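Participant: sequence and predicted structure are below.
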Amino acid sequence: MPGVTRLSVRNLRKSFGTHEVLKGISLDAQDGDVISLLGASGSGKSTFLRCINLLETPSDGEVWVDSEQIRMIHSKTGSKPASRRQVDHIRSELGMVFQGFNLWSHMTILQNVIEGPLHVLKRPKADCIADAEELLAKVGIADKRHAYPAHLSGGQQQRAAIARALAMKPKVMLFDEPTSALDPELVGEVLRVMRALAEEGMTMLVVTHEMSFARNVSNRVVFMREGVIDSSGSPDDMFGVGASPAFRQFIGHFG
Ligand code: ADP
Ligand code: MG
């Protein structure tokens, strides 16, 4: 449904003690948007994602997920902090993939993927397994379903983590440097899965240092610097003449 706002962040602020890490960030994602979030280490990218899914409580501002059922989540200026139910709701709409693979090591790949649908969504086990097998085939590791995470390569584990997130049927997928911990030869297989997801129309917010992904897969590039959005635009604008001096300096480091 193009034109539907899936994610809306208004004036998000986050401090740790006296250190203000996010200084008023606003961002909208429409259905099917693939937004690459770029920025130097320490600029606040992970904190931003963690505030969106309420792993961190924002100090101020609003996070709205899915305009079909817009919810005010947190704002000092008016409404109350998120209730447990709202937090659960938000999390159920968002899929998250981290840098580390974060699979449950004592469960097989299939068990990892069905865990959420089975125990959180309380769907019938046979349906969960059928869905999981489809997702594992889609990310190219159907043959690993009965293996434990330790027996998979990093790239396979990360693809399993993507399948596990997708099994919850999220409206928006958040990725925090999903390929940064991988050996270079394994990066491509994960990026291909992410690209396929983007082409299917998944709404995605991706923190990445993969400039090829930012340029060629995302439709919007957002550059964060010291807790604010320095600049944003289409990849053509951002990687062309329209980039800010700070962004140009940043991408200079990537050759
Ligand atoms: P990025 O992901 O862009 O590298 P982060 O969001 O991880 O940046 O961190 C931004 C800043 O916030 C850093 O200065 C970091 O030290 C600080 N920070 C992040 N999490 C915490 C925390 N839980 N407590 C205190 N400071 C934190
Ligand atoms: Mg980070």
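Facilitator: That came through, no problem. Ligands and ions are numbered 1, 2, ... in the order given.
Participant: what is the neighbour count of residue 251?
Facilitator: Neighbour count of residue 251, defined by other Cβ atoms under 10 Å: 17. To be clear about C-beta, it is placed using only N, CA and C from the backbone, and glycine gets the same treatment.
Participant: tell me which element it is part of?
Facilitator: Taking DSSP states H and E as the criterion, residue 251 maps to helix 245-252.
Participant: what does that helix contact?
Facilitator: Residues outside helix 245-252 that contact it (Cβ atoms under 8 Å, 6 or more residues apart in numbering) are 38-40, 211, 223, 225, 230-231, 238-239, 243.
Participant: scan these and report the most crowded one.
Facilitator: Busiest of these [other Cβ under 10 Å] is residue 38, holding 27 neighbours.
Participant: distance between the helix holding residue 251 and the chain's centre?
Facilitator: 24 Å (Cα atoms, centre = their mean, to the nearest Å).
Participant: buried stuff in that helix?
Facilitator: Applying a neighbour-count criterion of 16 or more other Cβ atoms under 10 Å, one finds 247, 250-251 buried in helix 245-252.
Participant: let's have the contacts of helix 245-252 in CSV, adding distance to ligand 2.
Facilitator: Shown next, in CSV, are the contacts of helix 245-252 (distance: Cβ to the ion, whole Å):
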residue, distance to ligand 2
38, 11
39, 9
40, 10
211, 17
223, 15
225, 14
230, 16
231, 19
238, 20
239, 22
243, 22
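Participant: what about residue 128, how many residues nearby?
Facilitator: Around residue 128 there are 21 residues (other Cβ under 10 Å).
Participant: on the three-state scheme, it is what?
Facilitator: Following DSSP: H, G, I helix; E, B strand; the rest coil, residue 128 is assigned to helix.
Participant: need the residues of the chain near ligand 1, please.
Facilitator: Contact residues (Cβ under 6 Å from any ligand atom) of the chain with ligand 1: 16, 21, 39, 41-47.
Participant: need the max-distance pair from those residues.
Facilitator: Pairwise distances across those (Cβ to Cβ) peak at 17.5 Å, for the pair 16 and 39.
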